[in-house]
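Chemist: Predicted coordinates and the sequence they were generated for:
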Amino acid sequence: MLAPLVNLLIVVASALIHRWLWVRLVRDTTRPGGTARRVGTTATVVSAALAAAPRILVPALGPDTGRPLAWTGYVWLGVLLYLMLALLAMEIPRAVVGIRARARRRNGTAHPVAVPEPVRAPEQVSVPATVRVPATTVSRETGKASPGAEQTLGEVGDATGGGQDTGPARPDRRLFLSRAGALTAGAVATATTGFGMRTALGDPVVKRVPIRIAGLARPLSGLRIAVVSDLHLGPLLGRSHTERIVRMINGLEADVVTVVGDLADGKPSELAPAARPLRHLESTHGAFFVTGNHEYMFDGAEAWVEELHGLGVTTLLNERREIRHHGAVLDLAGVEDLSAAEHGSGPDYARALGGRDTSRPVVLMAHQPVMIEEAARHGVDLQLSGHTHGGQMFPLTELTKLANPVVSGLGKVEDTQLYVTNGAGFFGPPVRVGAEPEITVIELRA
């Protein structure tokens, strides 16, 4: 129901941003009425449409049909983000130069031009600048002088090259500086996006994180939990991406595999082939999944729960399972994502955690880090989350900190520890800057 409003906001935002980009990249760098300005204006309109198209059209087209548009549009979105950042950074020196130029003009000292004083003939009489003198012309036929229009002495001086330039910087100089700034911003945006794509599309890094849990039974010490999240299967990431993740996890010899939400950006009817390699996940005690917010964007999560069940992956919908390891027991629980509330369900901590043996340690799978507050109230020892992508793209890496207790890595709220993985995929632009993709192996220690 909110989709039309969201799409409208996307179109409006794209139009406003591209209006500013047109000013800086087209108006300031081209001459009025020229071919370059017409071409630049057309390119700006195309860019505005391309920036809005993936989010609006790709879901309707489907992952296969929409793949070319998704790649083109989302890569361009990455370039636009860093192009805007580079241009915004240049606004500061631009403002400083403008302030100094206006100050010089107010003082009457803006851009003085030194002009050699004209040589005076001996008989020449000095006349005040305000005196008007008659201008004369010489006839070619008679060789006699004839009176003409009056001129001020100042005008005469201008005609001979005298006087001062007290106006702003020359147009050619402003044009050169604007073009240099635009080229610099374009180069920075292209290089940064290229680096970010190489990071996002490369192999995830493997992080090994030891976590101590008070009261952990000694037989459970050394239990390895593989944590992966946010695969975001869809038009940009498909079966080969899943195969790589499965291959890397199987090489870790984990005791438990946890997939902490946002598996796909679409329906199983469209993306089931991309998810099927998950049936080959290997671990001592099985693979488990909890829903993320993206599972509820496409007609609810029930279809994905059923699909994963057929692949041998257990979905914990406000449930828990006993993990028996070397004669000791660990409770592994999972709650639905917060966005499930829009579909008549949602996280139910009492159901997932109630009635358990509190002498056992409990690990909770919950997609969003903000769910840690409720987990702490229910005595959870460790929560595993994703959702943030570690911020994915600088400076979003910093902005994400405003909405999450932990953006990446290990943290703590009250007596509950929280581990947030960067995730193994990406959402939107296939770009990661400052937040590389990861698979984590958590080793529990007493």
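Modeler: Okay, I see it. Being a predicted model, the structure only gives us computed values, none of them experimental.

Chemist: where does the stretch 201-350 of the chain have low pLDDT?
Modeler: By pLDDT under 70, the stretch 201-350 of the chain has no low-scoring segment.

Chemist: Now do the helices in it.
Modeler: For the stretch 201-350 of the chain, the helices defined by DSSP state H, counting those that start in this stretch occupy 239-250, 268-275, 302-310, 349-353.

Chemist: Now mean neighbour count and distance to residue 339 too, for those helices, in a markdown table please.
Modeler: For every residue, glycine as well, the C-beta is placed using N, CA and C. What follows is these, written out as a markdown table (neighbours: other Cβ atoms under 10 Å; distance: least, Cβ to Cβ, whole Å):
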| stretch | mean neighbour count | distance to residue 339 |
| --- | --- | --- |
| helix 239-250 | 18 | 23 |
| helix 268-275 | 18 | 18 |
| helix 302-310 | 17 | 14 |
| helix 349-353 | 18 | 16 |
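
Chemist: and these as JSON lines, adding distance to residue 25?
Modeler: JSON lines is the format used below for the helices of the stretch 201-350 of the chain (distance: least, Cβ to Cβ, whole Å):
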{"stretch": "helix 239-250", "distance to residue 25": "35"}
{"stretch": "helix 268-275", "distance to residue 25": "37"}
{"stretch": "helix 302-310", "distance to residue 25": "43"}
{"stretch": "helix 349-353", "distance to residue 25": "51"}
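
Chemist: Tell me how many other residues surround the nearest residue to residue 437 once chain neighbours are set aside.
Modeler: Spatially, and ignoring its direct neighbours in sequence, residue 437 is nearest to residue 204 (4.0 Å; Cβ to Cβ, 6 or more residues apart in numbering). By other Cβ atoms under 10 Å, the residues close to residue 204 number 21.

Chemist: And residue 378, by the same measure?
Modeler: Counted with other Cβ under 10 Å, residue 378 comes out at 17.

Chemist: for residue 256, same thing?
Modeler: Residue 256: 23 neighbours (other Cβ under 10 Å).

Chemist: That one contacts residue 282, doesn't it?
Modeler: No: contact criterion Cβ atoms under 8 Å: residue 256 and residue 282 do not qualify, at 11.4 Å.

Chemist: ok so, going back, could you tell me how far the residue nearest to residue 437 is located from residue 76?
Modeler: Separation of residue 204 from residue 76 (Cβ to Cβ, to the nearest Å): 25 Å.

Chemist: quick one, strands of the stretch 151-300 of the chain?
Modeler: 205-212, 224-228, 256-260, 287-290 (DSSP state E, counting those that start in this stretch).

Chemist: Put together CSV for those strands, with distance to residue 4 on each row.
Modeler: Shown next, in CSV, are those (distance: least, Cβ to Cβ, whole Å):
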stretch, distance to residue 4
strand 205-212, 40
strand 224-228, 34
strand 256-260, 31
strand 287-290, 30
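
Chemist: out of the helices of the stretch 201-350 of the chain, nearest to residue 29?
Modeler: Residue 29 lies closest, by Cβ to Cβ, to one member of the helices of the stretch 201-350 of the chain: helix 239-250, at 39.8 Å.

Chemist: starting at the chain centroid, how far to the closest one?
Modeler: Chain-centre distance of helix 239-250: 25 Å, with Cα atoms, centre = their mean, to the nearest Å.

Chemist: which outside residues touch it?
Modeler: Residues outside helix 239-250 that contact it (Cβ atoms under 8 Å, 6 or more residues apart in numbering) are 203-204, 206, 226, 228, 231, 233, 257, 273-278, 280-283, 424-425, 439.

Chemist: Please indicate which of those residues are buried?
Modeler: 204, 226, 228, 231, 233, 257, 274-278, 281, 283, 424-425, 439 (16 or more other Cβ atoms under 10 Å).

Chemist: just the residues you listed now: which is nearest residue 60?
Modeler: For the buried ones among the contacts of helix 239-250, the closest approach to residue 60 (Cβ to Cβ) belongs to residue 233, at 18.0 Å.

Chemist: and the spatially most central residue of the chain, what pLDDT?
Modeler: Central residue of the chain (Cα atoms, centre = their mean): residue 393, 4.7 Å from the mean position. Residue 393 carries a pLDDT score of 96 in this model.

Chemist: Return the distance of it relative to residue 77.
Modeler: According to Cβ to Cβ, residue 393 and residue 77 sit 10 Å apart.

Chemist: between the strands of the stretch 151-300 of the chain, which one is nearest to residue 268?
Modeler: In terms of Cβ to Cβ, the element of the strands of the stretch 151-300 of the chain nearest to residue 268 is strand 287-290, at 13.1 Å.

Chemist: Outside of the closest one itself, list whatever touches it.
Modeler: Counting by Cβ under 8 Å, 6+ apart, 256-261, 263, 278, 281, 308, 312-317, 321, 332, 334-337, 365-367 sit against strand 287-290.

Chemist: next one: stretch 83-93
Modeler: Defining contact as Cβ under 8 Å, 6+ apart, one finds that stretch 83-93 is touched by 17, 21, 24-25, 181, 184-186, 188-189, 395.

Chemist: Point out where the stretch 1-150 of the chain drops to low pLDDT.
Modeler: Along the stretch 1-150 of the chain, segments meeting pLDDT under 70 span 1-2, 109-150.

Chemist: can you give me the helices in it?
Modeler: Assigned helices in the stretch 1-150 of the chain, in chain order: 3-22, 35-61, 67-106 (criterion: DSSP H, counting those that start in this stretch).

Chemist: mind listing what's buried in the longest one?
Modeler: Using 16+ other Cβ under 10 Å as the burial criterion, the residues of helix 67-106 that qualify are 67, 69-70, 73-87, 90, 94.

Chemist: The first one now?
Modeler: Under the neighbour-count criterion of 16+ other Cβ under 10 Å, helix 3-22 has 10-11, 14, 18, 21-22 buried.

Chemist: Does it pack against any helices or strands, and if so which?
Modeler: Helix 3-22 is packed against helix 35-61, helix 67-106, with contacts defined by 3 or more Cβ pairs under 8 Å, 6 or more residues apart in numbering; DSSP states H and E.

Chemist: Buried residues in the shortest one, which are they?
Modeler: The neighbour-count criterion (16+ other Cβ under 10 Å) identifies 37, 40, 44, 47-48, 50-56, 58-59, 61 as the buried residues of helix 35-61.

Chemist: wait, residue 74 sits on residue 55?
Modeler: No: at 9.1 Å, residue 74 does not count as touching residue 55 under the criterion of Cβ under 8 Å.
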